[in-house]
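In: The following block contains a protein sequence and its predicted model.
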Amino acid sequence: MVKVAPSILAADFLKLGEEIKAVEQAGADRLHIDVMDGRFVPNITMGIPVVKSLRRGTRLPFEVHLMIEQPENYLEAFSQAGADLLIVQQENSVHLDRTLQAIRDLPKKAGVALNPATPAGVLEEIIEKLDLILVMTVNPGFGGQKFLEYPLKKIESLRRTLDRRNPSCELEVDGGIDPRNARRVAKAGADVLVAGTSVFAHAGGPEAGVRSLLQAVREK
């Protein structure tokens with residue numbers, strides 16, 4: 001069963017608590033929290049205090065995507081704030097194996113994200129150590145971008161590799177996900193779909209946005 005992880009980057013922060021309750025009631029499996037520092041990506045979003053505040057308002061698991069420089073310096077702080085799974089970018093994690101071990105030592109689940117142009121092969125040596133691989137289908141930094149088609153082949157390739165070498169590792173996809181492409185992404189092998197704009201900007205509200213995505217991937 002494909003899971004949906006609404007990305008609060010696209011939520012209305014004036015009523016963030018209400019919107020999180022809405023997606024929880026609609027059947028969302030977890031919340032995706034994008035942390036950006038204006039250096040690794042050209043945008044600044046939320047940090048540790050926001051995660052800590054949100055933790056008091058929902059029982060949904062938190063996955064925190066650290067799109068920041070030197071993410072290893074902030075793992076413990078985000079863990080204490082309420083993160084259940086920490087995702088670092090392969091492209092700016094010089095000592096990736098050490099960082100993954102640090103996450104597990106907290107102990108939290110460990111994930112690695114790959115930008116659209118980053119090949120799947122960079123994870124060849126550590127794939128058995130991962131709880132989640134996140135494939136970006138937009139260039140990270142902003143919400144509301146158009147879905148890129150070419151990473152679909154990478155998703156298919158990673159699905160085959162994970163089935164063979166680490167079947168318990170989840171394959172997640174983030175970037176421009178909506179009901180028009182969700183089924184194709186799931187068919188390519190995704191276990192989890194991250195969606196921001198298509199959930200929180202849905203005309204019927206966030207609850208309808210989650211249900212629309214779930215319906216799209218479950219249609220025969």
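Out: Sure, I can see it.
In: for this structure, what spans make up the helices?
Out: Taking DSSP state H as the test, the helices found in the chain are 16-26, 48-55, 75-81, 96-105, 151-165, 182-188, 197-200, 206-218.
In: wait, isn't Y150 in contact with V135?
Out: No. The pair Y150 / V135 is not scored as a contact, 11.0 Å apart, by Cβ atoms under 8 Å. Backbone N, C-alpha and C define where each C-beta goes, glycine included.
In: Which one's more surrounded, these two?
Out: Of the pair Y150 and V135, V135 is the one with more neighbours under other Cβ atoms under 10 Å, namely 25 against 9.
In: And the pLDDT at that one?
Out: pLDDT recorded at V135 is 98.
In: on that earlier part again, of all the helices of the chain, which one comes closest to M67?
Out: helix 75-81 (12.5 Å; Cβ to Cβ).
In: Check which residues of that closest one are buried.
Out: Residues L75, F78, S79, A81 are the ones in helix 75-81 that count as buried (16 or more other Cβ atoms under 10 Å).
In: what do you get for stretch 158-172?
Out: L158, R159, T161, L162, N166, C169, E170, L171, E172.
In: give the contact list for the residue nearest to the first one when sequence neighbours are not counted.
Out: Across the structure, with Cβ to Cβ, 6 or more residues apart in numbering as the measure, the residue nearest L158 apart from its sequence neighbours is A120 (5.1 Å). Listed by Cβ atoms under 8 Å, 6 or more residues apart in numbering, the contact partners of A120 are L114, K154, S157, L158, T161.
In: which of those residues lies closest to R104?
Out: L114 (19.7 Å).
In: For burial, what's the neighbour tally of that closest one?
Out: Quick note: L114 (other Cβ under 10 Å) scores 20 neighbours.
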